[in-house]
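Undergrad: Okay, here's the prediction I keep looking at, along with the sequence it came from:
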Amino acid sequence: MSDTITHWSRSDDAMLETAIRSGASRRDLLKLMVANGVALAAAGTVLGRASRAAAATPVKGGALKAAGWSSSTADTLDPAKASFSTDYVRCCSFYNRLTFLDQSGVPQMELADAIESKDAQTWTVKLKKGITFHSGKELTADDVIFSLKRHLDPATGSKVAKIAAQMAGFKAVDKTTIEITLASPNADLPTILSMHHFLIVADGTTDFSLGNGTGAFKRELFEPSVRSIGVRNPNYFKNGPYLDSIEFFAIPDENARVNALLSGDIQLAAAINPRSLRLFDGKDGFVLSKTTSGTYTDLNIRLDMAPGSSRDFVDGMKHLINREQIIKSAIRGLGVIGNDQPVPPTQFFHNANLRPKPFDPDKAKFHFQKAGVYGQTIPVVASEAVSSSIDMALLVQATAAEIGMKLDVQRVPSDGYWSNYWLKSPVHFGNINARPTADILFSLLYASDAAWNESRYKSEKFDSMLIEARSSLDQAKRREIYNDMQVMVAEQAGTIIPAYLSNVDATTAKLQGLEPNPLGGMMGYAFAEYVWLTA
């Protein structure tokens, strides 16, 4: 294996799509990839994307109206400060990143032409040439350095300041080449740079309300908490966008959001709750787009407090979880079975061989008796603030009752849940949004000093493995380490992850091109650039 890591480029995409349009078979394409040194790990994603591109021809024109679910007076076009899905959608429309994640979670080049490193600590970023901002200014290394360094300034208030803190040095080698030095090696830098907050802005920008980026759309209107309108960027450096314009706003009430779609007022309604899917029964001309990106609702048992201080109690609870029933009843089929660790099937390093503890009420009863809690009443805190947690809790409570175990499901208000109960109650539910890398998930949630360590799991061995995996460019070695870490979390931590949840966006059938993305719903919030409207 080479000691230099080089990521998939857009030119490779073009090569394959050209071959497909010329009638090449899948076998021919695989031979072509091998001949050109293309990583087979990316083959399924690239072939699938190219096949779909050949099967459906995009149509230019049309004005799209789309509705998300959240907005506030703090809505922003500053990528560093973006907090909600509404911010992400707008920023992805107006700006670009150095890299972006494809459907399989593999980083692809966007503004960057190549990102390379020999030691995972010093990285060379080469920019595409001839890209301009909406203002007409040409993209240069100075813009990238300005954009990344902003996250290090406390005055910026960046939402990814802790992640950006590892970037210790920046150097403009020439007009289109940047050298980034990390405080310690991290092989995931190309993936990290695909996060929404690392979108690139123009050097010296102070007024972010203008949305002056290199993106597919130019800002025509931005009214925080109200709406935004973007119009096609005629000088965009990629194919597209296909739409003439995109208007985006929020409709917080879900029934109202669905009804706006059904009545034709909008063409996309984001984040439909499983309970609301019945509203589409018997309705033709609408499509439900499902994305399983790694978001999950978990049951957290603190290991530093009774009853979780007994390993047998934790194991008893794991055997009490009927994962198939939870998916069928609590989340209405919108999810896939989880194996009690946070790296989802959409990520490259997911351990598909790891199986969760089987549903076995008798074995659960054995462990409860061994832990000395059988017959006691154990409080379980749930809330509407945590997606599907009440339904999950009631299912587990009913199963526990069948073996004589008493779980007291305490429904607490949404207001104050995250400050008063999450991370604090001995047995409670949490909800974790998708993150792009195993390292971020483990660092955020399971490292001994992690602020969001939901079960207070602590392991010096785990901590050292985290650093080792992060520092290596050997993907086979990293996979082995991450596989072992997933096993450790599943067997030793006090977090139960029954399922990875699916996000559902509803659209009119006339909206085409919407695909799943591991960064979340609405095509990782970047749908505006890729979708089109048919007549």
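TA: It's in.

Undergrad: would you list every one of the strands in the stretch 151-300 of the chain?
TA: 167-174, 177-182, 217-223, 227-232, 245-250, 268-269, 286-301 (DSSP state E, counting those that start in this stretch).

Undergrad: Show residues contacting stretch 412-421.
TA: 381-386, 428 (C-beta atoms under 8 Å, 6 or more residues apart in numbering). The C-beta positions use only the backbone N, C-alpha and C, and glycine is treated the same way.

Undergrad: repeat that with 6 Å
TA: With contact meaning C-beta atoms under 6 Å, 6 or more residues apart in numbering, stretch 412-421 is reached by 381, 383-385, 428.

Undergrad: Narrow these to just the buried residues.
TA: 381, 383, 385, 428 (16 or more other C-beta atoms under 10 Å).

Undergrad: what's the closest of the residues you listed to L444?
TA: L444 lies nearest to H428 out of these, by C-beta to C-beta, at 18.0 Å.

Undergrad: Show me how far the helix or strand harbouring the closest one is from its chain's centre.
TA: Assessed by DSSP states H and E, H428 sits inside strand 427-432. Centroid separation for strand 427-432 versus its chain: 18 Å, with C-alpha atoms, centre = their mean, to the nearest Å.

Undergrad: now do stretch 93-113
TA: For stretch 93-113 - counting by C-alpha atoms, centre = their mean - the centre lies 13 Å from the chain centre.

Undergrad: Mind naming the longest helix for this protein?
TA: Longest helix in the chain, counting residues (DSSP state H): helix 475-492.

Undergrad: Check the secondary structure at S443 for me.
TA: helix (DSSP: H, G, I helix; E, B strand; the rest coil).

Undergrad: my bad, V504
TA: Quick answer, by three-state DSSP: V504 is strand.

Undergrad: The closest residue to it other than its chain neighbours: neighbour count?
TA: Nearest-residue entry for V504: I272, 4.5 Å, with adjacent residues in sequence omitted and distances by C-beta to C-beta, 6 or more residues apart in numbering. Using other C-beta atoms under 10 Å, I272 is surrounded by 24 other residues.

Undergrad: How much space separates I272 from A260?
TA: 12 Å (C-beta to C-beta, to the nearest Å).

Undergrad: Repeat that for I266.
TA: Distance from I266 to A260, by C-beta to C-beta: 5 Å.

Undergrad: Which residue of those two possesses the greater neighbour count?
TA: It is I266, of I266 and A260, that has more neighbours when counted by other C-beta under 10 Å, with 24 against 18.

Undergrad: quick one, what contacts that one?
TA: 65, 67, 260.

Undergrad: isn't the first one right up against E247?
TA: Yes: at 4.8 Å, K65 counts as touching E247 under the criterion of C-beta atoms under 6 Å.

Undergrad: secondary structure class for N339?
TA: Classified using three-state DSSP, N339 is coil.

Undergrad: Show the contacting residues for it.
TA: Contacts of N339 (C-beta under 6 Å, 6+ apart): 354, 356, 490.

Undergrad: export these to CSV and tack on distance to I440?
TA: Rendered in CSV, the data for those read as follows (distance: C-beta to C-beta, whole Å):
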residue, distance to I440
L354, 19
P356, 22
A490, 18
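
Undergrad: Which of those residues ranks first by neighbour count?
TA: Of the contacts of N339, with other C-beta under 10 Å as the count, A490 tops at 21 neighbours.

Undergrad: Just list the residues touching it, thanks.
TA: 339-341, 354.

Undergrad: again with V386
TA: 297, 429, 431.

Undergrad: mind redoing it with 7 Å?
TA: 297, 429-431 (C-beta atoms under 7 Å, 6 or more residues apart in numbering).

Undergrad: now do N503
TA: Under the contact definition (C-beta under 7 Å, 6+ apart), the residues listed for N503 are 271, 291, 293, 295, 520-521.

Undergrad: Show me which pair in those is furthest apart.
TA: Among those, A271 and S293 lie farthest apart (C-beta to C-beta), at 11.9 Å.

Undergrad: ok, these two, which is more surrounded?
TA: S293 (24 against 19).

Undergrad: right, and that one touches T346 too?
TA: Yes: using C-beta atoms under 7 Å, S293 makes contact with T346 at a distance of 6.1 Å.
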